[in-house]
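>>> just coords:
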């Protein structure tokens, strides 16, 4: 989409910005996939709900069993790759103002420009939501669940528990 957006604008600078952004996105897909592979092999499932449920519990009674404690390097690589995929600083080379003015969206304004940025921010929120589900225990709220439930957080709860899980998850995102 980025290359097509740069090409469709009719400007060679936008097209070069689109090519640069695509090359950057492709180069960070491999570390992103490898960091997820470690966690997928550990949890044994591709289902995000089951991955979150496998992170409920404690080691030694007080350390959450989150994957960030099991695979800290994979979490760091995933975070770095998500920053690069979303073109956040310091990975915003595709929008390098000194060379390409605004990158692949140089010739766009108004609603088309807003849609590019809406897609970029939606990708950031999606990447953050996957980070929370895969590495940060999802809706698991450490130490508070023992106060509320008396044990580790159950998989199924009443509507108040579902609301609490929703708020905790999006608070982490």
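Happy to help now that I have it. What you are looking at is a predicted structure, and each value in this text was computed from that prediction instead of being measured.

>>> Find the nearest non-adjacent residue to residue 7, please.
For residue 7, ignoring the flanking residues on the chain, the nearest one in space by CB to CB, 6 or more residues apart in numbering is residue 15 at 5.2 Å. Yep, even glycine has a C-beta here, placed from its N, CA and C like the rest.

>>> What are the boundaries of the strands in this protein?
For the chain, the strands identified by DSSP state E occupy 58-59, 63-64, in order along the chain.

>>> coming back round to it: wait, the residue nearest to residue 7 sits on residue 5?
No: in this structure residue 15 lies outside contact range of residue 5 using CB atoms under 8 Å: 9.5 Å.

>>> any idea how far residue 160 is from residue 52?
Residue 160 sits 19 Å away from residue 52 when distances are taken as CB to CB, to the nearest Å.

>>> Point out where the chain drops to low pLDDT.
Scanning the chain for pLDDT under 70 picks out the ranges 92-106, 149-157.

>>> Geometric centre of the protein: which residue is closest?
A centroid search over the chain (CA atoms, centre = their mean) returns residue 127, at 1.6 Å, as the residue closest to the centre.

>>> State the distance from that residue to residue 1.
Look at residue 127 and residue 1: by CB to CB, they are 16 Å apart.

>>> now swap in residue 166 and tell me
Distance of residue 166 to residue 1, given as CB to CB: 31 Å.
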